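In: next come a sequence and a model predicted from it.
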Amino acid sequence: MSATLTAAPPPATRLEHALEIRGLFKEYTAGKPVLKGIDLAVAAEGITAIIGPSGTGKSTLLRCINRLVEPTRGEIRLRGTELTGLRGRDLRLARRRIGMVFQEYNLVERLTVMENVLSGRLGYVPFWRAWLRKYPEADIQRAFMLLDAVGLPEHATRRADALSGGQRQRVGIARALMQRPEILLADEPTSSLDPRTAVEVLELLAKLTAAENVPVIINIHNVDLAKRYARRIVGMAGGSVIFDGPPEALQTHHLQAIYGGEDWL
Ligand SMILES: Nc1ncnc2c1ncn2[C@@H]1O[C@H](COP(=O)(O)OP(=O)(O)OP(=O)(O)O)[C@@H](O)[C@H]1O
């Protein structure tokens with residue numbers, strides 16, 4: 001199916017978009033595209049949830065945005081900056097504008113919680129400062145503020161490997177916000193967490209990103225959570241966007257089109 005089932009959210013001017021993706025293709029193997037011409041404009045605020053079956057290209061899409069995966073062709077603009085084709089220093093500068101939260105947290109296990117949060121500034125501080133762990137005082141103050149905001153003020157000096165999954169993901173969120181990103185990408189951030197902790201983590205993510213005016217794109221398997229926290233749902237199937245609209249517009253027949261079949265509903 002190639003047509004999008006529901007019209008995109010109301011038209012907005014270019015300035016209202018944090019990110020614009022046009023005609024994005026990704027082929028890991030020549031001639032076998034995983035992403036088949038994605039067009040997506042992401043508003044400068046709120047959570048956009050990407051749902052879709054395993055293997056449909058959701059992670060590939062997020063990873064094309066921060067160039068962990070090299071797009072085959074197409075355009076990706078972050079507030080006007082074309083990201084595809086950037087190299088070296090320009091790519092590093094662009095990457096620090098994009099925060100990332102991972103399913104498996106990606107913390108440095110042997111470092112403290114505070115050091116992990118401060119590592120969000122690695123793209124900004126000179127190498128020697130990071131090496132000597134001499135971060136500017138303003139960064140340290142902000143790290144304490146963020147640790148407080150994610151509910152872990154008393155854990156600053158604990159090693160990351162001493163934390164629970166939910167606590168680790170809170171550190172992951174604090175680290176991403178430490179970057180002061182212009183957009184935050186979250187790839188299945190709650191898939192490794194129990195249902196209650198997943199809600200707590202999403203609640204926190206929604207609250208903090210709203211407070212800091214950071215738009216979020218989240219890949220998420222749990223459709224109920226997507227509908228609860230996102231202002232926009234993007235449904236992918238077979239490497240294409242086949243639904244794009246507000247949560248209340250997502251109906252059973254859309255889910256059947258996205259995930260296939262009907263016996264599971
Ligand atoms: N590095 C890679 N090299 C080759 N193929 C890859 C690579 N990464 C992903 N793929 C393939 O691309 C397709 C899309 O994978 P991707 O991880 O983007 O899907 P997904 O929708 O995020 O899946 P899931 O929900 O299970 O995480 C899959 O067929 C996968 O096997």
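Out: That came in fine, so what should we check first? Numbering: from 1, shown residues only.
In: quick one: the helices in the stretch 1-150 of the chain?
Out: Ranges of helices in the stretch 1-150 of the chain, per DSSP state H, counting those that start in this stretch, are 58-65, 88-95, 113-118, 127-131, 137-149.
In: measure Ile159 to Gln167 for me?
Out: Quick fix: residue 159 is Arg, not Ile. Distance from Arg159 to Gln167, counting by C-beta to C-beta, to the nearest Å: 12 Å. All C-beta spots, glycine's among them, are computed from the backbone N, C-alpha and C.
In: have a look at those two and say which one is more surrounded.
Out: Neighbour count, other C-beta atoms under 10 Å: between Arg159 and Gln167, Gln167 has more, with 20 against 16.
In: tell me which helix or strand that one sits in.
Out: helix 165-178 (DSSP states H and E).
In: next, the angle from the next helix or strand after that helix to helix 165-178.
Out: Sequence order places strand 183-187 as the next helix or strand after helix 165-178, per DSSP H and E. Angle, strand 183-187 to helix 165-178, by axes from the mean of the first three to the mean of the last three C-alpha atoms, to 10 degrees: 150 degrees.
In: pairing partners for strand 183-187, with directions?
Out: Here strand 183-187 is paired, per DSSP bridges, with strand 98-101 (parallel), strand 216-219 (parallel).
In: now the element after it, going C-ward?
Out: helix 195-211.
In: so which elements touch that next one?
Out: The contact analysis (3 or more C-beta pairs under 8 Å, 6 or more residues apart in numbering; DSSP states H and E) places helix 195-211 against strand 47-51, helix 165-178, strand 216-219, helix 223-229.
In: residues in contact with the shortest one?
Out: For strand 216-219, contacts defined as C-beta atoms under 8 Å, 6 or more residues apart in numbering pick out 19, 42, 46-50, 58-59, 61-62, 65, 183-189, 205-206, 209, 226, 229-230.
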